[in-house]
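Chemist: below are the sequence and a predicted model; questions follow.
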Amino acid sequence: AQSILGVQCEVQKQLKAFVTLERFERIYSSSIAGCRQVRKNKNFASGGSIFGKGVKFAMKDGRVATDIISVANEDGRRIAAILNNAHYLENLHFTIDGVDTHYFIKQGPSEGDLSILGLSGGRRTLENGVNVTVSQINTVLSGRTRRYTDIQLQYGALCLNTRYGTTLDEEKARVLELARQRAVTQAWSREQQRLRDGEEGIRSWTEGEKQQLLNTGRVQGYDGYFVIS
């Protein structure tokens with residue numbers, strides 16, 4: 001059996017972390033038991049950051065923390081201010097129409113952040129190419145009027161949604177319901193296409209149900225629900 005020294009393994013780890021010279025390839029690829037390093041693929045973004053240069057973005061305990069340095073432009077500072085101290089809805093991001101969509105909530109009134117954006121409603125495009133959409137929503141829940149503000153930041157294939165005036169649990173329920181509705185719509189669309197192509201559906205529809213599905217895109221009396229598998 002071949003013995004190894006702890007120092008030898010540590011040296012190899014340090015070389016692996018800090019040196020990428022070809023002459024160390026033999027050390028990197030050492031097959032000594034206990035010193036093997038799993039080769040990792042490096043992933044790089046295909047485009048620039050939504051923040052631009054000079055903005056630091058971190059997440060701790062589900063809360064966003066941003067910081068800026070002098071090279072950050074005004075638009076990057078605005079976006080950093082909007083997301084700072086926001087709570088992130090982990091494991092609830094979706095690809096919607098090819099856009100990677102994430103959700104946040106922010107405690108407190110929205111007026112300060114709207115003032116930073118210079119927008120109380122509607123849409124504008126910042127100089128850095130970020131599309132900003134602001135929506136004000138009033139609704140009645142349990143006899144009480146609730147007011148929500150949504151700020152959507154979209155840059156390329158990334159979309160960040162921040163909602164004010166809600167709780168984490170309420171927003172999770174809302175986002176999940178929107179996801180359920182999208183899934184149901186897509187399921188009906190696939191079923192309708194099967195019938196158009198002359199294929200069998202996922203169930204044996206009557207002739208009347210088939211016509212209803214072909215004409216309206218769905219059949220009355222059916223809905224979609226969450227299934228845990």
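Modeler: Thanks, I have the structure now.
Chemist: against residue 76, how distant is residue 175?
Modeler: As judged by CB to CB, to the nearest Å, residue 175 and residue 76 stand 26 Å apart. In short, each C-beta sits where N, CA and C put it, glycine included.
Chemist: actually, residue 67.
Modeler: 11 Å.
Chemist: more neighbours: which of the two?
Modeler: Shown here are residue 67 and residue 76; by other CB atoms under 10 Å, residue 76 has more neighbours (22 against 12).
Chemist: beta partners of the closest residue to residue 59 other than its chain neighbours?
Modeler: Sequence neighbours aside, residue 88 is the residue nearest to residue 59 in space, at 6.2 Å (criterion: CB to CB, 6 or more residues apart in numbering). Beta-bridge pairing for residue 88 (DSSP bridges): residue 104.
Chemist: please, where are all the helices along this protein?
Modeler: With DSSP state H as the criterion, the chain has helices at 6-18, 25-28, 74-83, 111-117, 168-196, 207-216.
Chemist: most tightly surrounded among those helices?
Modeler: Highest mean neighbour count among the helices of the chain (mean count of other CB atoms under 10 Å): helix 74-83, with a mean of 20.
Chemist: lowest-confidence helix or strand of this structure?
Modeler: Ranked by mean pLDDT, DSSP states H and E, the helix or strand of the chain with the weakest confidence is helix 25-28, at a mean of 47.
Chemist: touching, residue 152 and residue 124? I think so.
Modeler: No: using CB atoms under 8 Å, residue 152 makes no contact with residue 124, being 11.5 Å away.
Chemist: if you average the pLDDT over stretch 218-229, what comes out?
Modeler: Mean pLDDT, stretch 218-229: 78.
Chemist: and for stretch 141-155?
Modeler: Average pLDDT, stretch 141-155: 90.
Chemist: can I get that stretch as PDB, trimmed to CA atoms?
Modeler: C-alpha atoms of stretch 141-155 as PDB (Å, rounded to 0.1, in the frame of the first residue of the first chain):
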ATOM      1  CA  LEU A 141     -59.100  40.900   1.600                       C
ATOM      2  CA  SER A 142     -61.300  40.000   4.600                       C
ATOM      3  CA  GLY A 143     -63.100  43.300   4.400                       C
ATOM      4  CA  ARG A 144     -59.800  45.300   4.400                       C
ATOM      5  CA  THR A 145     -58.300  47.300   1.500                       C
ATOM      6  CA  ARG A 146     -54.800  46.200   0.800                       C
ATOM      7  CA  ARG A 147     -52.400  48.200  -1.400                       C
ATOM      8  CA  TYR A 148     -49.500  46.500  -3.100                       C
ATOM      9  CA  THR A 149     -46.600  47.900  -5.200                       C
ATOM     10  CA  ASP A 150     -44.700  45.800  -7.600                       C
ATOM     11  CA  ILE A 151     -41.400  46.800  -9.100                       C
ATOM     12  CA  GLN A 152     -40.100  44.600 -11.900                       C
ATOM     13  CA  LEU A 153     -36.600  44.900 -13.200                       C
ATOM     14  CA  GLN A 154     -35.800  43.100 -16.400                       C
ATOM     15  CA  TYR A 155     -32.500  42.900 -18.100                       C
END
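Chemist: where does the chain dip in pLDDT?
Modeler: For the chain, applying pLDDT under 70 flags the ranges 1-47, 228-229.
Chemist: how does it look with 80?
Modeler: For the chain, the stretches with pLDDT under 80 are 1-48, 141-142, 225-229.
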